[in-house]
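**Student:** no FASTA, just this:
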């Protein structure tokens with residue numbers, strides 16, 4: 001169980017579309033709108049985990065046409081977000097929009113986020129600790145995952161809100177945007193290559 005908890009921590013804390021967008025919404029819009037977006041990410045994360053656990057994900061991905069369409073949609077959307085972040089220039093608004101994405105934006109992001117599927121697959125198919133009771137193990141995994149997920153994502157939201165308050169030099173803001181975009185694309189590419 002400790003191995004599972006450690007895996008959850010390291011898989012979730014690393015920069016990916018979910019945590020980067022959480023920091024971005026915090027930097028661009030503040031804590032309250034960021035919390036609404038975070039609620040959507042939370043629902044989306046658990047929805048993706050349910051899709052993986054139920055086997056629906058494997059069933060859908062068994063058809064190469066569906067897999068290709070989902071790949072193109074997710075890679076395109078996440079590539080678009082990374083490009084917007086990289087081209088934000090000196091503005092520290094990782095995701096530049098007129099209004100915050102909200103709950104539905106968070107759900108939508110996780111549904112197309114390849115890292116969410118890769119993490120859920122790794123966590124729920126690996127790290128067995130109750131081999132005699134699959135249902136109890138899956139339930140405990142959901143509880144442990146969410147207990148770790150929530151503070152990590154609020155930490156990233158806080159980091160984004162804090163960046164918003166700092167008066168960083170223009171060059172530092174550009175470097176942060178490019179680093180965030182590169183991190184997001186690296187996670188997407190790793191998910192594609194390893195997935």
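**Tutor:** Ah, there it is. Values in this document were obtained by computation on a predicted structure and should not be read as measured data.

**Student:** dihedrals phi and psi, residue 70?
**Tutor:** In terms of degrees, to the nearest 10, the main-chain angles of residue 70 are phi -60, psi -40.

**Student:** how deep is it tucked in, by neighbour count?
**Tutor:** Neighbour count for residue 70, taken as other C-beta atoms under 10 Å: 18. Just so you know, the C-beta spots here come from the backbone N, C-alpha and C atoms, and that holds for glycine as well.

**Student:** distance between the biggest helix by length in the chain and the chain's centre?
**Tutor:** Selection of the longest helix in the chain by residue count, based on DSSP state H, yields helix 134-165. A distance of 11 Å separates the centroid of the chain from that of helix 134-165, by C-alpha atoms, centre = their mean, to the nearest Å.

**Student:** which positions within it qualify as buried?
**Tutor:** The neighbour-count check on helix 134-165 (16 or more other C-beta atoms under 10 Å) flags 137, 141-142, 144-145, 148-149, 152-154, 156-158, 160-161, 163-164 as buried.

**Student:** likewise stretch 117-126?
**Tutor:** Buried, per 16+ other C-beta under 10 Å, within stretch 117-126: 117-121, 123-124.

**Student:** for stretch 40-57, same thing?
**Tutor:** Going by neighbour count (16+ other C-beta under 10 Å), the buried part of stretch 40-57 is 40-42, 44-46, 48-49, 51-53, 57.
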